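Trainee: got a structure for you, letters missing:
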Ligand code: AMP
(Lines give C-alpha, C1' and ligand atoms only; values in the text may rest on other atoms or scores of the structure.)
Protein backbone atom coordinates (compact mmCIF):
# COMPACT_ATOMS: atom_id res chain seq x y z
CA UNK A 1 0.00 0.00 0.00
CA UNK A 2 1.31 3.38 -0.89
CA UNK A 3 0.12 6.81 0.20
CA UNK A 4 1.25 9.01 3.06
CA UNK A 5 3.82 11.52 1.94
CA UNK A 6 4.55 9.87 -1.39
CA UNK A 7 4.73 12.49 -4.09
CA UNK A 8 4.85 10.55 -7.31
CA UNK A 9 1.81 8.74 -8.59
CA UNK A 10 2.15 4.99 -9.04
CA UNK A 11 1.78 3.56 -12.50
CA UNK A 12 -1.62 1.97 -12.80
CA UNK A 13 -4.78 1.64 -14.82
CA UNK A 14 -5.71 5.26 -14.22
CA UNK A 15 -2.43 6.50 -15.66
CA UNK A 16 -2.83 4.30 -18.73
CA UNK A 17 -6.29 5.78 -19.14
CA UNK A 18 -5.01 9.38 -18.87
CA UNK A 19 -7.65 10.00 -16.22
CA UNK A 20 -6.34 13.05 -14.36
CA UNK A 21 -8.32 15.44 -16.56
CA UNK A 22 -11.56 13.68 -15.65
CA UNK A 23 -10.39 13.34 -12.09
CA UNK A 24 -10.09 17.11 -11.91
CA UNK A 25 -7.14 17.26 -9.53
CA UNK A 26 -8.64 16.18 -6.22
CA UNK A 27 -5.65 15.98 -3.87
CA UNK A 28 -4.74 12.42 -3.02
CA UNK A 29 -5.43 11.27 0.52
CA UNK A 30 -2.39 11.84 2.69
CA UNK A 31 -1.61 15.17 1.00
CA UNK A 32 -3.79 17.03 3.45
CA UNK A 33 -6.92 16.07 1.49
CA UNK A 34 -10.29 15.79 3.21
CA UNK A 35 -11.27 12.19 3.62
CA UNK A 36 -13.03 10.35 0.81
CA UNK A 37 -15.27 7.44 1.64
CA UNK A 38 -16.70 5.51 -1.29
CA UNK A 39 -19.04 2.58 -1.40
CA UNK A 40 -19.05 0.29 -4.42
CA UNK A 41 -22.35 -1.46 -4.87
CA UNK A 42 -23.25 -4.13 -7.41
CA UNK A 43 -23.88 -7.82 -7.87
CA UNK A 44 -21.11 -10.42 -7.84
CA UNK A 45 -19.35 -10.15 -11.20
CA UNK A 46 -20.35 -6.54 -11.81
CA UNK A 47 -16.73 -5.34 -11.80
CA UNK A 48 -16.49 -3.79 -8.34
CA UNK A 49 -13.04 -5.26 -7.65
CA UNK A 50 -11.59 -3.90 -10.92
CA UNK A 51 -12.96 -0.43 -10.25
CA UNK A 52 -11.87 -0.54 -6.61
CA UNK A 53 -8.29 -1.22 -7.73
CA UNK A 54 -8.42 1.78 -10.04
CA UNK A 55 -9.81 4.02 -7.27
CA UNK A 56 -7.23 2.75 -4.76
CA UNK A 57 -4.41 3.62 -7.15
CA UNK A 58 -5.91 6.99 -7.90
CA UNK A 59 -6.73 8.16 -4.39
CA UNK A 60 -4.30 6.12 -2.27
CA UNK A 61 -6.99 4.96 0.13
CA UNK A 62 -7.49 1.33 1.15
CA UNK A 63 -9.84 -1.06 -0.63
CA UNK A 64 -11.91 -2.86 2.00
CA UNK A 65 -13.29 -5.99 0.33
CA UNK A 66 -15.11 -8.23 2.80
CA UNK A 67 -14.97 -11.22 0.41
CA UNK A 68 -11.15 -10.90 0.20
CA UNK A 69 -10.95 -10.62 3.99
CA UNK A 70 -12.96 -13.83 4.41
CA UNK A 71 -10.85 -15.66 1.80
CA UNK A 72 -7.69 -14.57 3.68
CA UNK A 73 -9.14 -16.04 6.89
CA UNK A 74 -9.91 -19.27 5.06
CA UNK A 75 -6.40 -19.43 3.59
CA UNK A 76 -4.90 -18.81 7.04
CA UNK A 77 -7.05 -21.58 8.56
CA UNK A 78 -8.38 -19.38 11.40
CA UNK A 79 -11.53 -20.30 13.35
CA UNK A 80 -13.43 -17.67 11.41
CA UNK A 81 -12.07 -19.08 8.16
CA UNK A 82 -13.18 -22.59 9.09
CA UNK A 83 -16.64 -21.28 9.91
CA UNK A 84 -16.87 -19.19 6.74
CA UNK A 85 -15.50 -21.70 4.21
CA UNK A 86 -18.65 -23.84 3.69
CA UNK A 87 -20.81 -20.71 3.62
CA UNK A 88 -18.74 -19.13 0.83
CA UNK A 89 -18.56 -22.41 -1.07
CA UNK A 90 -22.36 -22.61 -1.06
CA UNK A 91 -22.77 -19.00 -2.19
CA UNK A 92 -24.60 -18.01 1.02
CA UNK A 93 -23.98 -15.07 3.35
CA UNK A 94 -21.90 -15.05 6.52
CA UNK A 95 -23.99 -13.77 9.47
CA UNK A 96 -24.54 -10.07 9.91
CA UNK A 97 -23.02 -10.12 13.41
CA UNK A 98 -19.76 -11.61 12.18
CA UNK A 99 -19.54 -9.30 9.17
CA UNK A 100 -20.32 -6.17 11.18
CA UNK A 101 -17.61 -7.16 13.70
CA UNK A 102 -15.04 -7.65 10.91
CA UNK A 103 -15.85 -4.33 9.27
CA UNK A 104 -15.88 -2.45 12.58
CA UNK A 105 -12.38 -3.62 13.46
CA UNK A 106 -11.09 -2.93 9.92
CA UNK A 107 -12.48 0.60 9.65
CA UNK A 108 -10.99 1.60 12.98
CA UNK A 109 -7.46 0.86 11.65
CA UNK A 110 -5.35 4.01 11.13
CA UNK A 111 -4.99 3.51 7.35
CA UNK A 112 -8.75 4.12 6.95
CA UNK A 113 -8.49 7.60 8.45
CA UNK A 114 -8.01 9.39 5.10
CA UNK A 115 -10.88 7.39 3.63
CA UNK A 116 -11.59 4.01 2.09
CA UNK A 117 -13.33 2.15 -0.70
CA UNK A 118 -15.90 -0.31 0.61
CA UNK A 119 -16.64 -3.33 -1.55
CA UNK A 120 -18.95 -6.24 -0.69
CA UNK A 121 -20.43 -4.63 2.42
CA UNK A 122 -23.19 -3.87 3.33
CA UNK A 123 -24.98 -6.81 1.74
CA UNK A 124 -28.08 -6.70 3.92
CA UNK A 125 -30.22 -3.89 5.34
CA UNK A 126 -29.14 -4.66 8.95
CA UNK A 127 -25.51 -4.39 7.79
CA UNK A 128 -26.30 -1.04 6.16
CA UNK A 129 -27.87 0.25 9.38
CA UNK A 130 -24.90 -0.96 11.42
CA UNK A 131 -22.56 0.76 8.97
CA UNK A 132 -24.45 4.03 9.37
CA UNK A 133 -23.91 3.81 13.13
CA UNK A 134 -20.26 2.90 12.69
CA UNK A 135 -19.69 5.82 10.31
CA UNK A 136 -21.33 8.17 12.80
CA UNK A 137 -19.10 6.81 15.58
CA UNK A 138 -16.05 7.40 13.38
CA UNK A 139 -17.21 10.91 12.44
CA UNK A 140 -17.34 9.90 8.77
CA UNK A 141 -19.93 9.79 6.03
CA UNK A 142 -20.08 8.28 2.57
CA UNK A 143 -19.35 10.70 -0.23
CA UNK A 144 -20.79 8.51 -2.96
CA UNK A 145 -22.34 5.10 -3.52
CA UNK A 146 -21.30 3.88 -6.96
CA UNK A 147 -23.68 1.29 -8.36
CA UNK A 148 -22.35 -0.85 -11.23
CA UNK A 149 -25.45 -2.10 -12.97
CA UNK A 150 -25.21 -5.32 -15.03
CA UNK A 151 -28.14 -7.49 -16.21
CA UNK A 152 -28.52 -10.84 -14.45
CA UNK A 153 -27.94 -12.95 -17.59
CA UNK A 154 -24.62 -11.25 -18.15
CA UNK A 155 -23.61 -11.72 -14.51
CA UNK A 156 -24.27 -15.44 -14.75
CA UNK A 157 -22.17 -15.63 -17.89
CA UNK A 158 -19.33 -13.57 -16.43
CA UNK A 159 -19.12 -15.53 -13.18
CA UNK A 160 -19.16 -18.97 -14.73
CA UNK A 161 -15.62 -19.62 -15.84
CA UNK A 162 -14.12 -16.38 -14.50
CA UNK A 163 -10.54 -16.74 -13.26
CA UNK A 164 -8.86 -14.94 -10.39
CA UNK A 165 -5.30 -14.16 -9.37
CA UNK A 166 -4.74 -15.83 -5.97
CA UNK A 167 -2.21 -13.14 -5.06
CA UNK A 168 -3.87 -9.81 -5.95
CA UNK A 169 -7.48 -11.01 -6.47
CA UNK A 170 -7.80 -9.39 -9.91
CA UNK A 171 -10.31 -11.24 -12.08
CA UNK A 172 -9.92 -12.33 -15.71
CA UNK A 173 -12.11 -13.92 -18.39
CA UNK A 174 -11.90 -17.68 -19.05
CA UNK A 175 -8.84 -18.75 -21.03
CA UNK A 176 -6.47 -16.13 -19.54
CA UNK A 177 -3.18 -17.82 -18.59
CA UNK A 178 -1.61 -15.58 -15.97
CA UNK A 179 -2.20 -12.38 -13.98
CA UNK A 180 -1.22 -9.35 -16.07
CA UNK A 181 -0.02 -7.54 -12.95
CA UNK A 182 2.06 -10.09 -11.03
CA UNK A 183 2.28 -13.09 -13.38
CA UNK A 184 0.64 -15.54 -10.94
CA UNK A 185 -1.12 -18.57 -12.34
CA UNK A 186 -4.86 -17.94 -12.30
CA UNK A 187 -7.36 -20.15 -10.47
CA UNK A 188 -11.14 -20.48 -10.33
CA UNK A 189 -12.75 -19.26 -7.12
CA UNK A 190 -14.67 -22.02 -5.36
CA UNK A 191 -17.82 -19.90 -5.41
CA UNK A 192 -17.49 -19.21 -9.15
CA UNK A 193 -18.17 -22.91 -9.80
CA UNK A 194 -21.55 -23.46 -11.44
CA UNK A 195 -23.29 -24.86 -8.33
CA UNK A 196 -22.55 -21.68 -6.32
CA UNK A 197 -23.10 -19.02 -8.98
CA UNK A 198 -26.90 -19.14 -9.09
CA UNK A 199 -27.35 -19.15 -5.27
CA UNK A 200 -25.05 -16.10 -5.08
CA UNK A 201 -27.20 -14.19 -7.53
CA UNK A 202 -30.42 -15.32 -5.82
CA UNK A 203 -29.28 -14.18 -2.39
CA UNK A 204 -28.08 -10.90 -3.92
CA UNK A 205 -31.55 -10.28 -5.37
CA UNK A 206 -33.26 -11.14 -2.11
CA UNK A 207 -31.01 -9.53 0.51
CA UNK A 208 -28.74 -7.02 -1.23
CA UNK A 209 -31.00 -5.27 -3.75
CA UNK A 210 -32.95 -3.61 -0.86
CA UNK A 211 -29.67 -2.08 0.38
CA UNK A 212 -29.64 0.23 -2.63
CA UNK A 213 -32.91 1.87 -1.55
CA UNK A 214 -31.32 2.51 1.82
CA UNK A 215 -28.72 4.71 0.10
CA UNK A 216 -31.04 6.18 -2.52
CA UNK A 217 -32.91 7.86 0.34
CA UNK A 218 -29.78 9.87 1.07
CA UNK A 219 -29.36 10.87 -2.60
CA UNK A 220 -25.94 9.25 -2.64
CA UNK A 221 -26.21 6.80 -5.50
CA UNK A 222 -24.50 7.19 -8.90
CA UNK A 223 -25.74 4.50 -11.26
CA UNK A 224 -23.25 3.38 -13.91
CA UNK A 225 -23.80 0.89 -16.72
CA UNK A 226 -21.30 -1.88 -15.96
CA UNK A 227 -21.31 -3.29 -19.51
CA UNK A 228 -18.87 -1.08 -21.43
CA UNK A 229 -15.11 -1.42 -21.67
CA UNK A 230 -13.16 -1.24 -18.41
CA UNK A 231 -11.70 2.09 -19.56
CA UNK A 232 -15.11 3.64 -20.20
CA UNK A 233 -16.55 2.38 -16.92
CA UNK A 234 -13.46 3.62 -15.05
CA UNK A 235 -13.94 7.10 -16.50
CA UNK A 236 -17.51 7.20 -15.28
CA UNK A 237 -16.66 5.78 -11.87
CA UNK A 238 -13.91 8.34 -11.42
CA UNK A 239 -16.19 11.16 -12.52
CA UNK A 240 -18.80 10.03 -9.96
CA UNK A 241 -16.19 9.79 -7.21
CA UNK A 242 -14.82 13.23 -8.11
CA UNK A 243 -18.12 15.04 -8.73
CA UNK A 244 -18.57 18.19 -6.67
CA UNK A 245 -21.81 16.68 -5.35
CA UNK A 246 -19.82 13.79 -3.92
CA UNK A 247 -18.47 16.15 -1.30
CA UNK A 248 -21.77 17.91 -0.62
CA UNK A 249 -22.51 17.76 3.12
CA UNK A 250 -25.48 15.60 3.92
CA UNK A 251 -26.89 14.70 7.29
CA UNK A 252 -26.20 11.09 8.28
CA UNK A 253 -29.78 10.96 9.60
CA UNK A 254 -31.17 11.05 6.04
CA UNK A 255 -29.05 8.06 5.09
CA UNK A 256 -30.36 6.22 8.13
CA UNK A 257 -34.04 6.71 7.24
P1 LIG B 1 -17.31 -11.38 -2.72
O2 LIG B 1 -15.86 -11.62 -2.93
O3 LIG B 1 -17.66 -9.99 -2.31
O4 LIG B 1 -18.16 -11.90 -3.86
O5 LIG B 1 -17.71 -12.29 -1.44
C6 LIG B 1 -17.53 -13.69 -1.46
C7 LIG B 1 -18.40 -14.32 -0.40
O8 LIG B 1 -18.03 -13.86 0.91
C9 LIG B 1 -19.89 -14.02 -0.50
O10 LIG B 1 -20.55 -14.84 -1.44
C11 LIG B 1 -20.33 -14.31 0.92
O12 LIG B 1 -20.39 -15.72 1.17
C13 LIG B 1 -19.18 -13.77 1.75
N14 LIG B 1 -19.37 -12.33 2.07
C15 LIG B 1 -18.61 -11.29 1.66
N16 LIG B 1 -19.08 -10.13 2.14
C17 LIG B 1 -20.17 -10.45 2.88
C18 LIG B 1 -21.11 -9.68 3.62
N19 LIG B 1 -21.03 -8.34 3.67
N20 LIG B 1 -22.13 -10.34 4.24
C21 LIG B 1 -22.22 -11.68 4.20
N22 LIG B 1 -21.38 -12.46 3.51
C23 LIG B 1 -20.35 -11.86 2.85
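Mentor: Received, thanks. Since this is a predicted model, take the numbers as computed values, not measurements. Numbers count the residues shown, from 1 in each chain.
Trainee: Please make it C-alpha for all contacts and neighbour counts, starting now.
Mentor: Noted.
Trainee: so which helix or strand takes in residue 37?
Mentor: strand 36-42 (DSSP states H and E).
Trainee: ok, that strand near the ligand or not?
Mentor: No: figure legend: strand 36-42 not in contact with the ligand (Cα under 6 Å from any ligand atom); closest approach 9.6 Å.
Trainee: And for stretch 165-181?
Mentor: No: using Cα under 6 Å from any ligand atom, stretch 165-181 never reaches the ligand; the gap is at least 9.1 Å.
Trainee: what about that stretch, start to end distance?
Mentor: 9 Å (Cα to Cα, to the nearest Å).
Trainee: if we look at that stretch, which residues are touching it?
Mentor: Stretch 165-181 has contacts (Cα atoms under 8 Å, 6 or more residues apart in numbering) with 49-50, 68, 158, 161-164, 182, 184-187.
Trainee: same thing with stretch 91-103?
Mentor: 66, 84, 87-88, 124, 126-127, 130-131, 191, 196-197, 199-200, 203.
Trainee: give me that answer again for 6 Å
Mentor: 191, 196, 199-200 (Cα atoms under 6 Å, 6 or more residues apart in numbering).
Trainee: before we move on, back to that, of the contacts of stretch 165-181, which is the nearest to residue 142?
Mentor: residue 49 (18.4 Å; Cα to Cα).
Trainee: contacting residues around that closest one?
Mentor: No contacts exist for residue 49 under Cα under 6 Å, 6+ apart.
Trainee: what about 8 Å?
Mentor: Here residue 49 is in contact with 119, 170-171 (Cα under 8 Å, 6+ apart).
Trainee: what do you get for residue 127?
Mentor: 96, 99-100, 121.
Trainee: now do 7 Å
Mentor: By Cα atoms under 7 Å, 6 or more residues apart in numbering, the residues touching residue 127 are 96, 100.
Trainee: In the contacts of stretch 165-181, which has the lowest confidence score?
Mentor: Lowest pLDDT of the contacts of stretch 165-181: residue 161, 83.
Trainee: before we move on, the earlier item: what's the next secondary structure element after the strand holding residue 37?
Mentor: With DSSP H and E, the next secondary element past strand 36-42 is helix 48-59.
Trainee: Next, the angle from that following helix to strand 36-42.
Mentor: Here the directions of helix 48-59 and strand 36-42 differ by 160 degrees (axes from the mean of the first three to the mean of the last three Cα atoms, to 10 degrees).
Trainee: The next helix or strand after helix 48-59 pairs with which strands?
Mentor: Heading C-terminal from helix 48-59, the first helix or strand you meet, by DSSP H and E, is strand 63-65. Sheet pairing for strand 63-65, assigned by DSSP bridges, gives strand 115-119 (parallel).
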